[in-house]
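1. coordinates for the following, if possible.
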Amino acid sequence: MASEKRNISDIESTVNSVSHFILLSFSSSREIQMVYFVIFSVIYMLILMGNAFIVCAVFWDRHLHIPMYILLGNFSFLEICYVTTTVPNMLANFLSETKTITFVGCFVQFYFFFSFGCDEGFYLCIMAFDRYLAICRPLHYPTIMPAHFCIGLVIFGWSCGFVLFLIPVVLISQLSYCGPNIIDHFICDPVPLIFLSCSKTHTTKFIYSTFNTIFMVGTFIFILMSYALVINSVLRIPSTAGKHKAFSTCASHLAVVILFFGSVMMMYVRPGAEQPVGFQKVVTLFYSIITPLINPLIYSLRNKDMKAALRKLLLTKMTFPKI
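-> Below is the predicted model:
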């Protein structure tokens, strides 16, 4: 009995032995790490600047105070929050010798990064719904989408991810971690976290996979159905100019949707599937950094109103006073 008690005690102490994780990021020489630091620092600054310009343009230009651009401004601010949960820590790791992150810090990053990611999915659904109403129900659009309803959608888009993603974060954080504590990734990703656990993870994998599948496939189908109805209505527009304007707006939104959902679904619909570590890093890099970098270009370059607002912002609001 005494030996059994000692064994149980040893197991419990081992289970609670992991107090931090090591994020390997992109393993390479010190010189290459510095090159990565410079490249990703520039990309991060471009993401912040591009999305901040859109937020400021929507805030200052009264012509953009309509649901379509209010949602876009919130989406751009969401992008800033999204990349800030991971990129600063990744940059610090390039300069660090230990590359450690605390157990709590890892799951805090995990929670906020994926909560903001869920919010992005909901915002893309809301933006698709808004385009459906504006193009398919133009006469009823002002009554269906009044200011208070738009504000409600904004709040809904921001809050849903934080509520829903409590479930997988709590499930994965309650697993036992008894070593090793090395994550061959640049973020605290749920896939390697599940594989590092020394608990039985079949139930957690199933619940997490089901959660991801329902959320990603459900939102993706909703968006595709919305744009299918939009395209069907656009084809009936007699004016060629009207068709071009509607298609231009929809094309930019669909590009963002395909970039975001295409990369995310490859990673998280089947988290139990064995995937090469390099593949995981490249795909994660794509949806966590490259997509937020491209989004401001997609939205601004293909939209005349946004380009005019940005030009006005740069010429009037951000001119330096003469000394």
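
2. what mean pLDDT does stretch 144-163 have?
-> For stretch 144-163, mean pLDDT rounds to 92.

3. make sure residue 306 is actually in contact with residue 298.
-> No. Between residue 306 and residue 298 there is no contact under C-beta atoms under 8 Å: 10.4 Å. Using the backbone N, CA and C atoms, a C-beta is placed for each residue, glycine as well.

4. which of the two has more neighbours?
-> In this comparison of residue 306 against residue 298, neighbours counted by other C-beta atoms under 10 Å, the higher total goes to residue 306 at 23 against 17.

5. with adjacent residues omitted, what lies nearest to the more buried one?
-> residue 300 (4.9 Å; C-beta to C-beta, 6 or more residues apart in numbering).

6. measure the one you found to residue 168 for me?
-> 34 Å (C-beta to C-beta, to the nearest Å).

7. residue 120 too?
-> Taken as C-beta to C-beta, the span from residue 120 to residue 168 is 16 Å.

8. the two: which has the busier surroundings?
-> Neighbours were counted for residue 120 and for residue 168 using other C-beta under 10 Å; residue 120 has more, 26 against 22.

9. and the residue nearest the centre of the chain, which helix or strand is it part of?
-> The centroid of the chain falls nearest to residue 117 when counting by C-alpha atoms, centre = their mean (3.2 Å). Taking DSSP states H and E as the criterion, the element that holds residue 117 is helix 103-136.

10. okay, buried residues for stretch 45-57 please.
-> Residues of stretch 45-57 classed as buried by neighbour count (16 or more other C-beta atoms under 10 Å): 47-48, 50-51, 53-57.

11. so what touches it?
-> Identification of contacts with stretch 45-57 by C-beta atoms under 8 Å, 6 or more residues apart in numbering yields 64, 72-73, 76-77, 79-80, 83, 87, 289, 292-293, 295-297, 299-300, 306, 309-310, 312-313, 317.

12. for the record, mean pLDDT for it?
-> pLDDT averaged over stretch 45-57 gives 93.

13. for stretch 26-38, same thing?
-> 88.

14. in that stretch, which residues are buried?
-> Within stretch 26-38, the residues scored as buried using 16+ other C-beta under 10 Å are 26, 33, 36-37.

15. looking at those residues, spot the one nearest residue 222.
-> Nearest to residue 222 among these: residue 26, at 35.6 Å, using C-beta to C-beta.

16. the closest residue to the closest one other than its chain neighbours and residue 167: what is the separation?
-> Nearest residue to residue 26, sequence neighbours excluded (C-beta to C-beta, 6+ apart): residue 36, at 5.9 Å. The gap separating residue 36 from residue 167 is 34 Å, by C-beta to C-beta.

17. do residue 219 as well
-> Residue 219 is 16 Å from residue 167, by C-beta to C-beta.

18. what does residue 100 give?
-> Distance of residue 100 to residue 167, given as C-beta to C-beta: 27 Å.

19. the two: which has the busier surroundings?
-> residue 100 (15 against 12).

20. ok, now which ones touch that one?
-> Applying C-beta under 8 Å, 6+ apart, we find residue 100 in contact with 20-23.

21. phi first, then psi, for it.
-> phi -100, psi 160 (degrees, to the nearest 10).
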